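>>> this one's sequence-less:
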């Protein structure tokens with residue numbers, strides 16, 4: 001249910017896997033054949049073995065089957081899934097299937113509102129640097145089912161797990177052996193009944209752990225700190241500030257420190273970290289804690305941090321053109337994420353003495369509404385930005401009035417070409433043009449990655465324009 005658009009995403013990987021198991025597969029998707037043309041081609045000869053129901057769903061397809069594998073983006077309140085439940089048909093995701101086909105003890109899971117991808121990627125890199133084979137998958141555009149045949153029994157598997165994917169672990173009552181929860185902020189309130197409903201979904205990452213498992217929690221976040229009282233596994237904290245006695249990873253005296261059972265080890269000085277922003281330093285602490293409990297030594301972590309510049313679409317530096325720097329932060333789909341990006345870049349500008357002071361950012365933001373609070377972000381935009389260009393969509397209708405009072409110039413854009421053109425008109429030498437939307441991408445773009453790709457494409461063309 002839901003083929004998806006990513007080359008190795010949940011839907012297409014589940015279809016390929018089920019075909020390999022000689023299952024009779026029906027693919028149903030609200031997108032049309034034309035919209036899914038590239039994905040159908042990627043299935044190759046397997047496409048001919050599939051029964052296709054596109055541009056619609058049919059009730060009959062959710063009654064007379066043995067198993068339903070839903071794309072994580074399918075709302076759990078779907079009337080078709082309700083039909084399946086009424087008919088007692090198991091509903092899985094690619095992740096719940098992977099857990100049941102794998103040894104849970106080698107799985108390291110990462111969730112949180114922000115920082116999941118960076119933290120999961122760092123853990124994966126730390127493990128590889130230690131000499132142990134590892135695989136990376138989940139909510140990072142690659143399903144672990146696509147790698148199942150290549151993963152050996154001794155390999156570590158690092159999974160980025162969204163709240164939607166974690167929901168599918170509840171029926172099978174499984175959680176990762178090592179779990180990391182980066183933070184909790186209000187998000188997806190357009191698909192959850194409220195913040196507590198969203199938080200409960202996140203708790204599945206540790207809910208079914210045993211006392212022999214590990215959970216790494218953010219001590220600086222109010223929600224994850226409260227969760228510390230509920231965990232069953234061995235608890236490790238991470239924090240930007242030193243804490244006493246308890247296990248975890250923290251900053252003290254300008255160094256990253258890991259403590260376990262009273263023994264402290266220095267990982268590296270903070271000055272060795274290349275990633276910008278306190279939020280990324282927190283991600284590093286979470287990843288380091290997870291890697292250390294998995295047996296990785298500090299020397300391997302140091303080796304990665306010396307060269308790790310981040311991952312695409314997360315505060316990604318693209319290039320500098322005529323004195324203006326361009327950053328792609330398209331995966332910042334919440335106000336808190338964009339807030340972190342603005343603080344990281346404005347702090348960096350001050351530290352490096354860039355012209356224009358802290359008001360040297362031209363922000364491209366806005367998009368589809370997720371029902372989140374923009375008030376704190378609006379204050380930061382007015383504090384750090386020279387101007388703002390906003391995509392003309394539902395979220396912008398709430399954000400724009402909050403930043404309009406005062407002298408901050410702003411403009412509306414209907415597409416990425418307009419947005420980049422307007423941003424360039426506001427920017428001066430020494431400025432930063434930052435795509436960090438604080439909103440969902442639906443409506444104007446296929447997804448947040450399409451939004452980032454369009455931004456990259458427009459920036460790549462600027463050198464040809466006088």
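Looks like it came in fine. Since the structure is predicted, the reported quantities are computational estimates derived from the model, not experimental observations.
>>> nearest spatial neighbour of residue 1, skipping sequence neighbours?
What sits nearest to residue 1 in space, not counting adjacent residues and going by C-beta to C-beta, 6 or more residues apart in numbering, is residue 70, at 4.4 Å. Glycine gets a C-beta too; all of them are placed from N, C-alpha and C.
>>> can you pull the contacts of the one you found?
By C-beta atoms under 8 Å, 6 or more residues apart in numbering, residue 70 lies in contact with 1, 2, 81, 91, 92, 93.
>>> likewise residue 310?
118, 275, 280, 316.
>>> now swap in residue 235 and tell me
Contact analysis of residue 235 by C-beta under 8 Å, 6+ apart lists 215, 217, 228, 246, 247.
>>> Could you check how many residues crowd around the last one?
By the other C-beta atoms under 10 Å criterion, the neighbourhood of residue 247 contains 20 residues.
>>> Is the spatially closest residue to it that is not a sequence neighbour in a helix, a strand, or coil?
Using C-beta to C-beta, 6+ apart and skipping the chain neighbours, the partner closest in space to residue 247 is residue 236 (4.6 Å). Here residue 236 is recorded as strand under DSSP: H, G, I helix; E, B strand; the rest coil.
>>> per-domain residue ranges of the protein.
With domains defined by automatic domain parsing, the chain comprises 10-92, 95-305, 316-464.
>>> Would you mark the buried spots in the lowest-mean-pLDDT helix or strand in the chain?
Within the chain, no helix or strand scores below helix 335-351, which has a mean of 83 by mean pLDDT, DSSP states H and E. Across helix 335-351, burial judged by 16 or more other C-beta atoms under 10 Å covers 335-346, 349.
>>> Give me the helices and strands touching the helix or strand where residue 158 lies, please.
Residue 158 is located in strand 156-160, with elements delineated by DSSP states H and E. When contacts are defined as 3 or more C-beta pairs under 8 Å, 6 or more residues apart in numbering; DSSP states H and E, strand 156-160 sits against strand 107-111, helix 116-129, strand 134-138.
>>> what about it, distance to the chain center?
Computed by C-alpha atoms, centre = their mean, to the nearest Å, the chain-centroid distance of strand 156-160 equals 14 Å.
>>> Each with direction, which strands does it pair with?
Applying DSSP bridges to the sheet, strand 156-160 is found paired with strand 107-111 (parallel), strand 134-138 (parallel).
>>> Go through these and name the closest to residue 62.
Residue 62 lies closest, by C-beta to C-beta, to one member of these: strand 134-138, at 25.6 Å.
>>> so how far is that closest one from its chain's centroid?
14 Å.
>>> got it, and stretch 81-90?
That offset, for stretch 81-90, works out to 30 Å (C-alpha atoms, centre = their mean).
>>> so how far does that stretch reach from one end to the other?
10 Å (C-alpha to C-alpha, to the nearest Å).
>>> in that stretch, what counts as buried?
Residues of stretch 81-90 classed as buried: 81, 83, 84, 89 (neighbour count, 16+ other C-beta under 10 Å).
>>> now do stretch 48-57
Within stretch 48-57, judged by 16+ other C-beta under 10 Å, the buried ones are 50, 54, 57.
>>> what comes into contact with stretch 394-405?
Applying C-beta under 8 Å, 6+ apart, the set of residues contacting stretch 394-405 is 365-370, 374-375, 377-378, 381-382, 388, 390, 410, 412, 438-440, 443.
>>> Run through the neighbouring helices and strands of the least confident helix or strand of the chain.
So helix 335-351, by 3+ C-beta pairs under 8 Å, 6+ apart, packs with helix 278-293, strand 361-365, helix 375-384, strand 432-435.
>>> residue contacts, residue 143?
Taking C-beta under 8 Å, 6+ apart, one finds 8, 9, 10, 12, 13, 14, 94, 95, 98, 137 in contact with residue 143.
>>> Chain neighbours aside, what residue packs nearest to it?
residue 13 (3.5 Å).
>>> can you tell me how far the one you found sits from residue 114?
Going from residue 13 to residue 114 by C-beta to C-beta, to the nearest Å gives 25 Å.
>>> One more: residue 231?
Distance from residue 231 to residue 114, by C-beta to C-beta: 21 Å.
>>> okay, the two: which has more neighbours?
Neighbours per residue (other C-beta under 10 Å) separate residue 231 from residue 114, with residue 114 holding more: 23 against 19.
>>> any idea which helix or strand carries that one?
Going by DSSP H and E, residue 114 is not part of any helix or strand.
>>> does it really touch residue 340, like I thought?
Yes - counting by C-beta atoms under 8 Å, residue 114 touches residue 340, with 7.1 Å between them.
>>> Could you tell me which residues touch both of those two?
What both residue 114 and residue 340 touch, as defined by C-beta under 8 Å, 6+ apart, is the set 279, 332.
>>> Check residue 38 and give its pLDDT.
Note on residue 38: pLDDT of 96.
>>> Tell me the secondary structure of it, please.
Applying three-state DSSP: residue 38 is helix.
>>> and it, what does it touch?
residue 5.
>>> Likewise for residue 174?
Counting by C-beta under 8 Å, 6+ apart, residue 174 has contacts 96, 99, 100, 104, 208.
>>> mind running it again at 6 Å?
By C-beta atoms under 6 Å, 6 or more residues apart in numbering, the residues touching residue 174 are 99, 104, 208.
>>> Of those, which is the most crowded?
residue 99 (23 neighbours).
>>> Walk me through the regions of the stretch 51-200 of the chain where pLDDT falls short of the threshold, as ranges.
Regions of the stretch 51-200 of the chain meeting the criterion pLDDT under 70 are absent.
>>> all strands for it, in order.
Ranges of strands in the stretch 51-200 of the chain, per DSSP state E, counting those that start in this stretch, are 51-54, 68-69, 91-92, 107-111, 134-138, 156-160, 178-181.
>>> Mind putting the ones you listed into JSON lines with distance to residue 312?
Shown next, in JSON lines, are the strands of the stretch 51-200 of the chain (distance: least, C-beta to C-beta, whole Å):
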{"stretch": "strand 51-54", "distance to residue 312": "30"}
{"stretch": "strand 68-69", "distance to residue 312": "28"}
{"stretch": "strand 91-92", "distance to residue 312": "29"}
{"stretch": "strand 107-111", "distance to residue 312": "17"}
{"stretch": "strand 134-138", "distance to residue 312": "14"}
{"stretch": "strand 156-160", "distance to residue 312": "14"}
{"stretch": "strand 178-181", "distance to residue 312": "21"}
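>>> Fine by me, thanks again.
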